[in-house]
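Student: Got a predicted structure here, sequence first:
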Amino acid sequence: MKKTIYITLSIIFWVLIALIAHSLIEIYFLKQLLASGSFVEWTYFNNRAVCALPLVLQIGLLAGGVIIGYIIGSIWWRLVYVEKKHWRFYKKKK
């Protein structure tokens, strides 16, 4: 149970990082398009313009956040709880 929560929180954290990266990439993309005078092609959802990035990039960023979150959560779980390589587990030498 504890491992599931740990990995789930890691995935949520990395998805949030991916959303921040998505917004920064989109800001840069829109600035470049507007500076060059190009037409912005929006991705529509429910008859509303949602995003200017291509759908493949949007899905890739989200999937990348989930995959990286799972991998890093698993690695850190192993390091902290299995191998006990965490500062709390080291005893202070006097």
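Tutor: Perfect, I can see it now.
Student: C-alpha only now, for contacts and for neighbours.
Tutor: Will do.
Student: need the next SSE after the lengthiest helix in the chain, C-terminal direction.
Tutor: Of all segments of type helix in the chain, defined using DSSP state H, the longest is helix 2-36. Remark: after helix 2-36, the chain's next helix or strand is strand 43-45, criterion DSSP states H and E.
Student: what about the longest helix of the chain, average pLDDT?
Tutor: Throughout helix 2-36, pLDDT has a mean value of 95.
Student: Which secondary structure elements does that helix sit against?
Tutor: helix 55-77 (3 or more C-alpha pairs under 8 Å, 6 or more residues apart in numbering; DSSP states H and E).
Student: Now for residue 65: which residues touch it?
Tutor: Residues in contact with residue 65 (C-alpha atoms under 8 Å, 6 or more residues apart in numbering) are 11, 14, 15, 16, 17, 18.
Student: In a strand, residue 49, correct?
Tutor: Yes: under DSSP: H, G, I helix; E, B strand; the rest coil, residue 49 sits within a strand.
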